[in-house]
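Asks: coords below, sequence missing:
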Ligand code: HAM
């Protein structure tokens with residue numbers, strides 16, 4: 001019996017031998033994660049870690065029963081006591097649950113969180129869509145100012161910029177309040193009902209359950225039919241209009257380019273007012289690298305305090321794939337500074353003793369235990385691009401030293417063991 005990885009998921013490895021496997025290399029994930037932490041600190045975001053699973057009702061109630069995520073993509077199971085649990089398909093609802101449960105608003109009604117976490121969605125197999133993906137997410141609770149919307153968007157964009165990612169497009173929309181949407185919903189139904197038979201199967205179903213989602217359809221037949229569809233932007237209350245105008249005006253003042261897309265509705269039901277999505281041309285059909293929006297009613301709807309909030313999520317897989325396609329500067333795999341090659345048994349013991357002494361002085365050092373030919377060991381060191389090799393034979397052992405070979409310029413020097421640290425630094 002041979003075991004294989006489950007469909008739609010992947011391993012993150014020190015090295016991935018597949019030609020397109022570079023984005024799955026662990027040193028690149030560590031790099032992105034360290035950049036996230038650095039960036040989060042600048043914006044006062046504090047880390048939150050919630051469990052991998054939550055009660056199923058939390059997601060049904062927050063994401064919405066008729067969404068794709070809840071209706072067909074959740075990994076739901078019963079535990080031994082028969083409770084229905086679901087592997088987290090997204091990060092916002094769990095953060096709200098933790099915020100409410102721990103009454104964090106009693107410390108401070110305004111709080112900003114970030115997370116780096118795996119999400120689970122039973123997606124149709126497709127390039128760029130995984131059944132376990134990883135998000136850098138941010139949730140800013142307690143502020144209703146449109147400036148907060150801009151801060152969230154700017155935070156995400158500057159993060160991409162910091163990584164050197166270019167050619168991104170920011171799409172924005174306002175989906176108003178539930179009142180604005182109720183009015184618009186009827187206009188949309190009136191417009192689409194005579195066209196029902198020409199709509200895609202999915203959209204025909206949504207016409208009853210969630211007509212706004214039809215606007216987001218990628219089916220070519222729907223796209224053509226939607227060209228003359230009514231726009232939500234014509235049905236916003238004056239308050240919602242003002243909010244959106246201030247968001248747009250502030251983005252203008254910061255020189256942030258955007259495209260207003262009145263069809264952008266996003267696949268989660270908790271949003272209202274501003275929604276946004278950022279796409280990268282390099283990602284192909286699954287081109288959304290990040291997205292988010294305002295969700296002022298969610299906390300209250302889940303039984304918590306009435307506090308506004310906004311946030312975003314961005315997929316780490318898609319970030320890395322974009323970085324690699326755009327050749328942005330990324331670190332190379334880690335390697336030791338020094339590699340010992342002992343030439344006989346006594347030298348091996350001596351080298352082994354030196355390892356912990358050097359590591360105690362923060363020198364990244366490894367040793368060849370194998371006893372193979374010097375040439376073979378040297379060629380491995382060269383393949384791994386290790387900058388220094390310490391060769392120890394009988395002569396060196398007697399002197400308490402090693403022949404330190406600089407692999408870049410191929411020069412060698414005899415260096416006593418106690419001076420290695422000084423020499424390398
Ligand atoms: P989302 O748009 O569903 O939003 O996901 C955010 C990002 O996660 C996407 O833009 C994409 O980069 C990545 N992503 C989503 N699904 C997959 C997948 N199957 N495979 C690979 N990457 C994927 C949310 O999840 C919201 N919770 C974001 C948010 C936070 N809104 C407010 N706060």
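Replies: Perfect, thanks for sending it. Note that the coordinates shown come from a computational prediction; the quantities given were computed from them, not determined experimentally.
Asks: Was I right to think residue 39 contacts residue 163?
Replies: No. Contact between residue 39 and residue 163 fails when scored by CB atoms under 8 Å: they sit 9.5 Å apart. (C-beta placed from N, C-alpha, C; glycine too.)
Asks: Which residues outside the helix or strand hosting residue 207 are in contact with it?
Replies: Using DSSP states H and E, residue 207 maps to helix 201-209. By CB atoms under 8 Å, 6 or more residues apart in numbering, the residues outside helix 201-209 that reach it are 66, 189, 192, 193, 196, 197, 199, 213, 214, 217, 219, 222.
Asks: cool, stretch 295-310 as well?
Replies: 58, 61-62, 92-93, 96-97, 99-100, 105, 109, 139-144, 148-149, 152, 178, 270-274, 292-294, 311.
Asks: circling back to that earlier point, looking at the contacts of helix 201-209, state which has the most neighbours.
Replies: residue 214 (25 neighbours; other CB atoms under 10 Å).
Asks: I'd guess residue 279 is in a helix, am I close?
Replies: No. Going by DSSP: H, G, I helix; E, B strand; the rest coil, the assignment for residue 279 is strand, not a helix.
Asks: Going by distance to residue 159, which of the contacts of helix 201-209 wins?
Replies: residue 213 (28.2 Å; CB to CB).
Asks: Skipping adjacent residues, who's closest to that closest one in space?
Replies: residue 206 (5.1 Å; CB to CB, 6 or more residues apart in numbering).
Asks: neighbours of that neighbour, just the number please.
Replies: Neighbour tally, residue 206, other CB under 10 Å: 22.
Asks: Distance of it relative to residue 189?
Replies: 11 Å (CB to CB, to the nearest Å).
Asks: before we move on, what about residue 3?
Replies: 50 Å.
Asks: what does the average pLDDT come to for stretch 384-392?
Replies: For stretch 384-392, the mean pLDDT works out to 96.
Asks: List of residues touching that stretch?
Replies: By CB under 8 Å, 6+ apart, stretch 384-392 touches 332, 335-343, 347, 350-351, 374, 377-378, 381, 402-408, 415, 420, 424.
Asks: Just the buried residues from these, in PyMOL please.
Replies: Listed next is the PyMOL selection for buried residues among the contacts of stretch 384-392, using 16 or more other CB atoms under 10 Å:
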select buried, resi 336+337+338+339+340+341+342+343+347+350+351+377+378+381+402+403+404+405+407+415+420+424
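Asks: Could you report the neighbour count for residue 105?
Replies: So residue 105, with other CB under 10 Å, has 18 neighbours.
Asks: Equivalent analysis for residue 45, please.
Replies: Residue 45 - counted by other CB under 10 Å - has 21 other residues nearby.
Asks: so it sits right up against residue 116, yeah?
Replies: No. With contact defined as CB under 8 Å, residue 45 does not count as touching residue 116 (11.1 Å).
Asks: Identify those among the contacts of stretch 384-392 that sit within strands.
Replies: Counted as lying in strands by DSSP state E, out of the contacts of stretch 384-392, are 338, 339, 340, 341, 342, 402, 403, 404, 405, 406, 415.
Asks: ok, which pair from those is furthest apart?
Replies: 342 and 406 (19.0 Å).
Asks: how about the residues of the stretch 201-350 of the chain near the ligand?
Replies: For the stretch 201-350 of the chain, the residues in contact with the ligand (CB under 6 Å from any ligand atom) are 267-268, 288-293, 311-315, 317-318.
Asks: and of those residues, the nearest to residue 280?
Replies: residue 289 (4.7 Å).
Asks: For the closest one, give me its contacts.
Replies: With contact set as CB under 8 Å, 6+ apart, residue 289 has these partners: 160, 165, 168, 278, 279, 280, 283, 314, 315, 318, 319, 322.
Asks: which residues of the stretch 251-400 of the chain fall in helices?
Replies: Counting by DSSP state H, counting those that start in this stretch, one finds helices in the stretch 251-400 of the chain at the ranges 298-301, 316-325, 345-360, 374-383, 394-399.
Asks: Ok, which of those comes nearest residue 367?
Replies: helix 345-360 (5.2 Å).
Asks: Now do the closest one, average pLDDT.
Replies: 94.
Asks: how about the strands of the stretch 51-200 of the chain, start to end?
Replies: 53-55, 76-78, 84-87, 111-120, 132-141, 168-174 (DSSP state E, counting those that start in this stretch).
Asks: which of those sits most buried?
Replies: Among these, ranked by average contacts under mean count of other CB atoms under 10 Å, first place goes to strand 132-141 (a mean of 24).
Asks: packing partners for it?
Replies: Contacts defined by 3 or more CB pairs under 8 Å, 6 or more residues apart in numbering; DSSP states H and E place strand 132-141 against helix 26-42, helix 92-101, strand 111-120, helix 146-162, strand 309-315, helix 316-325.
Asks: Turn the ones you listed into TSV, columns for mean pLDDT and distance to residue 9.
Replies: As requested, these are exported to TSV (pLDDT from 0 to 100; distance: least, CB to CB, whole Å):
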stretch	mean pLDDT	distance to residue 9
helix 26-42	98	15
helix 92-101	98	20
strand 111-120	98	9
helix 146-162	98	25
strand 309-315	98	14
helix 316-325	96	11
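Asks: out of the ones you listed, deepest packed?
Replies: Scoring the helices and strands packed on strand 132-141 by mean neighbour count under mean count of other CB under 10 Å gives strand 309-315 as the most buried, with a mean of 24.
Asks: tell me the angle that one makes with helix 92-101.
Replies: 140 degrees (axes from the mean of the first three to the mean of the last three CA atoms, to 10 degrees).
Asks: in its sheet, what does strand 309-315 sit against?
Replies: strand 132-141 (antiparallel), strand 288-294 (antiparallel) (DSSP bridges).
Asks: how about CSV for the ones you listed, with mean pLDDT added?
Replies: Formatted as CSV, the strands paired with strand 309-315 follow (pLDDT from 0 to 100):
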stretch, mean pLDDT
strand 132-141, 98
strand 288-294, 97
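Asks: now for the ones you listed, which one comes closest to residue 369?
Replies: Closest approach to residue 369 among the strands paired with strand 309-315 is made by strand 132-141 (35.5 Å; CB to CB).
Asks: quick one, the closest one and helix 146-162 angle?
Replies: 140 degrees.
Asks: ok, is strand 132-141 in contact with the ligand or not?
Replies: Yes. Judged by CB under 6 Å from any ligand atom, strand 132-141 and the ligand are in contact via 133, 135, 137, 139.
Asks: related to what we said a few turns ago, turn the helices and strands packed on strand 132-141 into a markdown table, including distance to residue 394.
Replies: Formatted as a markdown table, the helices and strands packed on strand 132-141 follow (distance: least, CB to CB, whole Å):
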| stretch | distance to residue 394 |
| --- | --- |
| helix 26-42 | 38 |
| helix 92-101 | 62 |
| strand 111-120 | 51 |
| helix 146-162 | 52 |
| strand 309-315 | 56 |
| helix 316-325 | 48 |
